[in-house]
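Peer 1: Have a look at this fold, sequence not included:
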Ligand SMILES: Cc1cc2nc3c(=O)[nH]c(=O)nc-3n(C[C@H](O)[C@H](O)[C@H](O)COP(=O)(O)OP(=O)(O)OC[C@H]3O[C@@H](n4cnc5c(N)ncnc54)[C@H](O)[C@@H]3O)c2cc1C
């Protein structure tokens, strides 16, 4: 079944669930009128259906490869990237002064969702570029901005992020890449980076690497890291790609999935780079790109879930097995267990999409108003979007394979590719374990204030839903209360106990939020939306009870089982 952009869901979510209107009412985003929104979603949807989706299988079957030091991308990817650039989707949220469209993140999230569903391996290239644009806008000086931003926005050049080294994965502070000052104010960058997504390509005139490295006087750990712009070609005096810089792709990784995306080992040998932001402040600057990418990676999970769901639904309507209860047609979509699987998949996607869009609305409101509360809300929701969005991507893709039966395990149907491709999203951009620790650690440094404010919104909404939907409202209210109690317990614990429960806590939080947004949808529209909300609230939400018990279990029991016991 060919991919169909879920435009009705986006419009409904924006209008009735995540209150996108408040973003439109700000001066900064007043141009995002309902008409502009519709035009953006329609255009992006068309691009995804017609140009990107046909490349999904091509990228898988004809992976990017390295030939004599040059990356050759999958057939059709060059033209599709040009079409993405032409549509303005690289600079969708970027500053118009440098050629961006200046639109809200919320719309970028919807566009990225559709692009991920259509062709995840290609979509990673624009995602990295979008993140780099944002990091440069916030941290680069005017010269760097003028030199790089227009070309990144137009898609003539594209961007990557270089953190990981063999000994420095989650522990970024262990990196060894060096930056030595040159006489002209630039720096010589030397070291090896691994797993660099879209580390090279054969369709943009330049590849701009944002590289974390340590200056000679940089302290050990994350405090001594600086950020550098290190392009493949050094821009000449006219601003065009000039001399070849001292960097190269050593090899490309052989991966489980995402074959169309070249994942490179990069070697920097006294490559010329320019400092982005202040010396030793590289982590703060890179966090701008990482936070953008974290929401973007969570959205990758949602997009793939949508693609996998549509694929499974198409199969289930065609495949006939045995006697079926509704029309007797034999189509497996009529069997109760298959109906359960598809309904839960659909409900999960709706819930997670609402969380990501609400996260994006908070980002937009923070940008437009500078409000601390919106900033804290965006920060709270980001690890949830990243971790739960990608978990749901994997779970829905796996359920999609199950709906296909044996044909799901056979590559021809394409069901397996969704699962292979999406699997890495729980790992890269900070593993989901690291996201959960971020939620219960850094994001609760305010003693849980942002979380309690969010829960107050959930409870207020449930209260107002009681008259119309008493049973659903009560379930959501009770779940929010349990999460509030667990949060009160959590913020009183030491970090080790918090970390021991972090993954379960994050998932419970996502369950409560998902139920909250479903309840809002059910309030706004009767019919299928209300039926879907009932499925989520009665079948998925109850999971929070077991999760919160795990979240409060503490660390001591984990360590009571020693390393030797694990090995015994
Ligand atoms: C296909 C692909 C594309 C990638 N693209 C990029 C890219 O473009 N740029 C880039 O810089 N990197 C990229 N990465 C690297 C990716 O971000 C890292 O793989 C990831 O951050 C995890 O690091 P690691 O692999 O070293 O695992 P490790 O850090 O060794 O982690 C192993 C396990 O230990 C856990 N763990 C580690 N530390 C802790 C801790 N303190 N507390 C609790 N648990 C912990 C982790 O959660 C994980 O489960 C990519 C990776 C892949 C596979």
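Peer 2: Thanks, I have the structure now. Given the structure is predicted, the values throughout are model-derived calculations rather than measurements.
Peer 1: Show me what residue of the stretch 251-400 of the chain gets nearest to the ligand.
Peer 2: In the stretch 251-400 of the chain, the residue that lies nearest the ligand is residue 263 (4.5 Å; Cβ to the nearest ligand atom). Where you see a C-beta, it was placed from the backbone N, CA and C, and this is true even at glycine.
Peer 1: next one: the chain
Peer 2: For the chain, Cβ to the nearest ligand atom, closest residue to the ligand: residue 169, 1.6 Å.
Peer 1: quick revisit: can you pull the phi/psi pair for the residue of the stretch 251-400 of the chain closest to the ligand?
Peer 2: Phi and psi for residue 263, reported as degrees, to the nearest 10, are phi -100, psi 110.
Peer 1: Could you pull up the residues touching it?
Peer 2: By Cβ atoms under 8 Å, 6 or more residues apart in numbering, residue 263 lies in contact with 195-197, 199, 252-253, 255.
Peer 1: Of these, which are in range of the ligand?
Peer 2: 195-197, 255 (Cβ under 6 Å from any ligand atom).
Peer 1: ok, which pair from the residues you listed is furthest apart?
Peer 2: 196 and 255 (13.0 Å; Cβ to Cβ).
Peer 1: Among those two, which residue is more densely surrounded?
Peer 2: Higher neighbour count among residue 196 and residue 255: residue 196, with 24 against 17, using other Cβ atoms under 10 Å.
Peer 1: So the more buried one belongs to a strand, correct?
Peer 2: Yes - assigned with DSSP: H, G, I helix; E, B strand; the rest coil, residue 196 falls within a strand.
Peer 1: Could you pull up the contacting residues of residue 536?
Peer 2: Residues in contact with residue 536 (Cβ under 8 Å, 6+ apart) are 344, 347-348, 350-351, 514-515, 518.
Peer 1: which non-adjacent residue is nearest it?
Peer 2: In space, and not counting its chain neighbours, residue 536 is closest to residue 347: 4.1 Å by Cβ to Cβ, 6 or more residues apart in numbering.
Peer 1: Who are the contact partners of the one you found?
Peer 2: Listed by Cβ under 8 Å, 6+ apart, the contact partners of residue 347 are 518, 532-533, 535-536, 539-540.
Peer 1: Likewise for residue 533?
Peer 2: Neighbours of residue 533 in contact, by Cβ under 8 Å, 6+ apart: 347, 472, 518-519, 521-522.
Peer 1: Could you rerun that using 6 Å?
Peer 2: For residue 533, the contact set (Cβ atoms under 6 Å, 6 or more residues apart in numbering) comprises 518, 521-522.
Peer 1: Pull out the buried positions in stretch 329-339.
Peer 2: For stretch 329-339, burial by neighbour count (16 or more other Cβ atoms under 10 Å) applies to 331-335, 338-339.
Peer 1: what separates residue 278 from residue 285, distance-wise?
Peer 2: 8 Å (Cβ to Cβ, to the nearest Å).
Peer 1: Between these two, tell me which one has more neighbours.
Peer 2: Relative neighbour count places residue 285 above the other of residue 278 and residue 285, with 24 against 12, counting by other Cβ under 10 Å.
Peer 1: For that one, I want the exact helix or strand it lies within.
Peer 2: Take DSSP states H and E as the rule and residue 285 turns out to sit in helix 282-318.
Peer 1: how about that helix, does it reach the ligand?
Peer 2: No - shown here: helix 282-318 not in contact with the ligand (Cβ under 6 Å from any ligand atom), separated by at least 8.6 Å.
Peer 1: Can you give me the buried ones in that helix?
Peer 2: Quick answer for helix 282-318 (16+ other Cβ under 10 Å): 282-283, 285-286, 288-313, 315-316.
Peer 1: Can you name the next helix or strand after whatever helix or strand residue 533 lives in?
Peer 2: Of the helices and strands defined by DSSP H and E, residue 533 is found in helix 528-535. Once helix 528-535 ends, the next helix or strand along the chain (criterion: DSSP H and E) is helix 543-551.
Peer 1: mind listing what's buried in that following helix?
Peer 2: Quick answer for helix 543-551 (16+ other Cβ under 10 Å): 544, 547-548, 551.
Peer 1: Could I get the average pLDDT for the helix or strand just after it?
Peer 2: Downstream of helix 543-551, the next assigned helix or strand under DSSP H and E is helix 556-560. Average pLDDT, helix 556-560: 96.
Peer 1: ok, and what's touching helix 556-560?
Peer 2: By Cβ under 6 Å, 6+ apart, the list of residues contacting helix 556-560 reads residue 500.
Peer 1: helix or strand right after that helix?
Peer 2: Of the helices and strands lying after helix 556-560 in sequence (DSSP H and E), the nearest is helix 563-567.
Peer 1: any weak-confidence spans in this structure?
Peer 2: Applying pLDDT under 70 to the chain picks out no residues at all.
Peer 1: can the helix or strand where residue 504 lies be found next to the ligand?
Peer 2: Assessed by DSSP H and E, residue 504 sits inside helix 495-524. No - on the criterion Cβ under 6 Å from any ligand atom, helix 495-524 is out of touch with the ligand, staying 6.9 Å away.
Peer 1: so how far is that helix off the chain centroid?
Peer 2: 17 Å (Cα atoms, centre = their mean, to the nearest Å).
Peer 1: gap between residue 405 and residue 328?
Peer 2: 20 Å.
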